[in-house]
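Colleague: could you work out the structure for the sequence below:
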Amino acid sequence: MRNEPTPGPETGDPPSEVSHFALAWDALDRERILQGLETRAVGRTLHLYEEVGSTNDVAMALGDAGAPHGTAVVAERQTRGRGRLERVWVSPPGVGLWASVLLRPPVSAAVAPAMTLAAGVAVGEAAAAAGMAPQET
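Modeller: As a prediction, this is how the structure comes out:
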């Protein structure tokens with residue numbers, strides 16, 4: 001049976017076009033995350049899920065529904081994750097967090113790929129500063 005959620009920032013439900021999801025799990029505490037943010041936009045609207053098809057799909061549907069710049073979608077597992085050039089992205093549970101952030105920057109489309117690379121480097125540096133290291137799976 002498909003669960004057809006309705007939009008709702010209080011519950012973190014994706015728009016109704018996104019039908020495969022599981023509600024946020026206890027491992028991530030929304031209030032603690034929001035209290036710890038030092039950003040003006042990124043993550044201020046936060047959607048947490050145990051499982052989604054793809055965080056990118058959820059973020060795109062939220063964007064189509066008018067979600068604000070900086071909306072973050074975080075999941076413990078993706079069942080249909082994908083990387084650059086539509087390559088399959090393996091996202092098993094228990095080995096990481098998978099996230100997409102909706103950005104609406106005032107830049108040309110030509111600059112967007114560099115922003116993606118810079119964001120990835122920043123996340124890696126922040127994780128390292130927090131004492132997190134990549135692990136072999």
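Colleague: wait, is Glu76 part of a helix?
Modeller: No. Counting by DSSP: H, G, I helix; E, B strand; the rest coil, Glu76 falls outside a helix, being strand.
Colleague: just checking, it touches Pro92?
Modeller: No. The pair Glu76 and Pro92 does not pass the contact test of Cβ atoms under 8 Å, sitting 9.4 Å apart. Every residue, glycine included, has its C-beta placed from N, CA and C.
Colleague: between the two, which is the more surrounded one?
Modeller: With neighbours defined as other Cβ atoms under 10 Å, Glu76 and Pro92 compare such that Glu76 has more, 22 against 12.
Colleague: any idea how far Leu34 is from that one?
Modeller: Distance from Glu76 to Leu34, counting by Cβ to Cβ, to the nearest Å: 18 Å.
Colleague: list of residues touching the helix or strand that contains Pro113?
Modeller: Assessed by DSSP states H and E, Pro113 sits inside helix 112-129. Applying Cβ atoms under 8 Å, 6 or more residues apart in numbering, the contact partners of helix 112-129 are 101, 103, 105, 107, 133.
Colleague: how about the helices in the protein?
Modeller: With DSSP state H, the ranges of helices along the chain come out as 30-36, 55-64, 112-129.
Colleague: most tightly surrounded among these?
Modeller: helix 55-64 (a mean of 20; mean count of other Cβ atoms under 10 Å).
Colleague: how far out from the middle of the chain is that one?
Modeller: Distance, stretch centre to chain centre, for helix 55-64: 9 Å (Cα atoms, centre = their mean, to the nearest Å).
Colleague: low-scoring stretches of the protein, by residue?
Modeller: By pLDDT under 70, the weakly predicted segments of the chain are 1-27, 133-137.
Colleague: next up, the contacts around the residue lying closest to Arg82 once chain neighbours are set aside.
Modeller: Closest residue in space to Arg82, ignoring its immediate chain neighbours: Trp89 at 5.2 Å, by Cβ to Cβ, 6 or more residues apart in numbering. By Cβ under 8 Å, 6+ apart, Trp89 lies in contact with 78, 81-83, 98.
Colleague: repeat that with 7 Å
Modeller: 78, 81-83 (Cβ atoms under 7 Å, 6 or more residues apart in numbering).
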